[in-house]
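Predicted model and sequence follow; I will ask about them next.
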Amino acid sequence: MTSTPSAGPVPDTLKIVVAGGFGAGKTTLVSAVSEVESLHTEELMTSPSMGVDDLEGVESKTTTTVALDFGRITLDPSTVVYLFGTPGQRRFSFMWEELAHGALGAVVLADTRRLADSFDAIDFFEPRGVPFVVAVNCFDGQRTHRAEDVRVALDLEDRVPLLLCDARDRESVKEVLVELVTLVLRLALSDP
């Protein structure tokens, strides 16, 4: 009997979801940290979407994610992290359930120009028991609000980590992901 040589052990895979409001920077965050060219389902916004999608605060936005963003990070030969970015508009929220299935945790990316858009993502993950962190995207390096003020505005419990980040900066995004994994490990160790 002959056997086919193996390519090696199949790596453990971890799934992280990146959610948040329309125009918060989810596609940018996934692209910034992915080791491979990330997959995007960005499409040009059309005139019919103008009456459906609220562009206040993001008037210059010309594209939108219509399905998902996907990226990959190899931590070591035996561990791979897959990132799934959700579409931000409420009309695409039916996809969130599928994208969140089996997720280790989530990053809720918040945009202080449209902070209320973060509530849908927070309200999605909380009742499902999916651990999440909130990362405030500081566009152009501008920190327009203090983290404590954003926490109060979002009515976040102290147990939910809140960080300021730059979704364009790989190191900043890595800090957010490390914080999420730290939260997941802390919760796993405290659960009897």
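Noted; the coordinates are in hand. Residues are numbered from 1 along each chain as shown.

Check the burial of Arg170 by counting its neighbours.
13 (other Cβ atoms under 10 Å). Any C-beta I mention is one placed from the backbone N, CA and C, and that applies to glycine too.

try Ile122
Burial of Ile122 is recorded as 19 neighbouring residues (other Cβ under 10 Å).

what about it, which SS state?
helix (DSSP: H, G, I helix; E, B strand; the rest coil).

same question for stretch 156-168, mean pLDDT?
The pLDDT scores in stretch 156-168 average 94.

Next, the buried residues of that stretch.
Across stretch 156-168, burial judged by 16 or more other Cβ atoms under 10 Å covers Leu156, Val160, Pro161, Leu162, Leu163, Leu164, Cys165, Asp166, Ala167, Arg168.

any chance you could map the strands in the chain?
Taking DSSP state E as the test, the strands found in the chain are 12-20, 39-44, 63-76, 79-85, 105-110, 132-137, 162-165.

Now do the contacts for the nearest residue to Pro161 once chain neighbours are set aside.
Leaving aside its chain neighbours, Pro161 sits nearest to Val133 (4.3 Å; criterion: Cβ to Cβ, 6 or more residues apart in numbering). Listed by Cβ atoms under 8 Å, 6 or more residues apart in numbering, the contact set of Val133 reads Gly105, Ala106, Val107, Val108, Val160, Pro161, Leu162, Leu163, Val176, Glu179, Leu180, Leu183.

List the contacts of the third one.
Think Val107. Val107 makes contacts with 16-20, 29, 132-135, 176-177, 180, as judged by Cβ under 8 Å, 6+ apart.

Grab the nearest non-local neighbour of it.
Using Cβ to Cβ, 6+ apart, the nearest residue to Val107 is Val18, at 4.9 Å.

just the fifth one next, same as before
For Val160, the nearest residue in space outside its immediate sequence neighbours is Val134; the separation is 6.3 Å by Cβ to Cβ, 6+ apart.

What of Ala153?
That would be Leu115: by Cβ to Cβ, 6+ apart, it lies 5.8 Å from Ala153.

Tell me how many other residues crowd that neighbour.
So Leu115, with other Cβ under 10 Å, has 17 neighbours.
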